[in-house]
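>>> 3D model of this:
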Amino acid sequence: MNTTERKQTLRLFSYGLYAIGVCQGDQANAFTANWLTQISFDPLLIALSVERKAWSWPLLSESGRFTVNVLASGQRELAGRLGKSRHKVGDKLAGLAWQPGPVTGCPVLHEDALAYLECQLIDVHPGGDSWLVVAEVVAVKLLRAGEPLTMKEAGFRHAG
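Have a look, this model is predicted:
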């Protein structure tokens with residue numbers, strides 16, 4: 001397989017950028033995700049890809065819950081900040097306005113997000129260097145109108 005063609009082809013896929021909030025006990029974190037999709041209407045299910053080595057993975061897998069914060073167009077800097085490794089940058093929620101979601105208790109970026117979903121883990125499947133998480137959406141809230149941030153707008157390059 002031609003590596004250059006593979007990258008160019010995968011970069012044609014359209015992706016949003018989302019802030020995933022996780023929590024377990026007194027620990028909370030958020031990370032940027034772009035591989036997220038709705039997979040069912042009834043029940044309302046989504047699929048999310050999470051790197052196996054991510055600091056947030058144990059929080060998500062042990063608690064079985066998370067939030068999806070839909071970032072707004074123009075929030076490239078926030079997506080980049082949350083996309084960095086917590087091992088390298090420390091507490092990524094420091095200085096951000098957030099509150100626990102009313103159902104899951106996981107971080108909701110109420111001042112930055114267009115909307116959020118609260119999710120309950122249903123199943124996990126291995127997917128190479130990541131986990132494919134299937135979750136039921138247990139609550140949603142539209143916070144404000146706007147266009148969502150996309151990988152294309154942000155100029156991020158995450159494509160094998």
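
>>> low-scoring stretches of this structure, by residue?
155-160 (pLDDT under 70).

>>> Show me where it has its helices.
Using DSSP state H, the helices of the chain run over residues 3-10, 57-63, 76-83, 86-89, 151-154.

>>> burial count for the closest residue to residue 20 other than its chain neighbours?
Of all residues beyond its chain neighbours, the one nearest residue 20 is residue 33 (4.9 Å), with distances taken as CB to CB, 6 or more residues apart in numbering. From N, CA and C alone the C-beta is placed, and that goes for glycine too. Burial of residue 33, expressed as a neighbour count using other CB atoms under 10 Å, amounts to 25.

>>> can you count the residues close to residue 116?
With other CB under 10 Å as criterion, residue 116 counts 24.

>>> Pairing partners for it in the sheet, please.
When bridges are taken as DSSP bridges, the partners of residue 116 come out as residue 69, residue 141.

>>> if I pick it, what's in contact with it?
When contacts are counted by CB atoms under 8 Å, 6 or more residues apart in numbering, residue 116 touches 67, 68, 69, 70, 101, 108, 109, 110, 140, 141, 143.

>>> Please repeat the previous calculation with a cut-off of 10 Å.
Shown here is residue 116, whose contacts under the criterion CB atoms under 10 Å, 6 or more residues apart in numbering are 18-19, 21, 67-70, 101, 106-110, 139-143.
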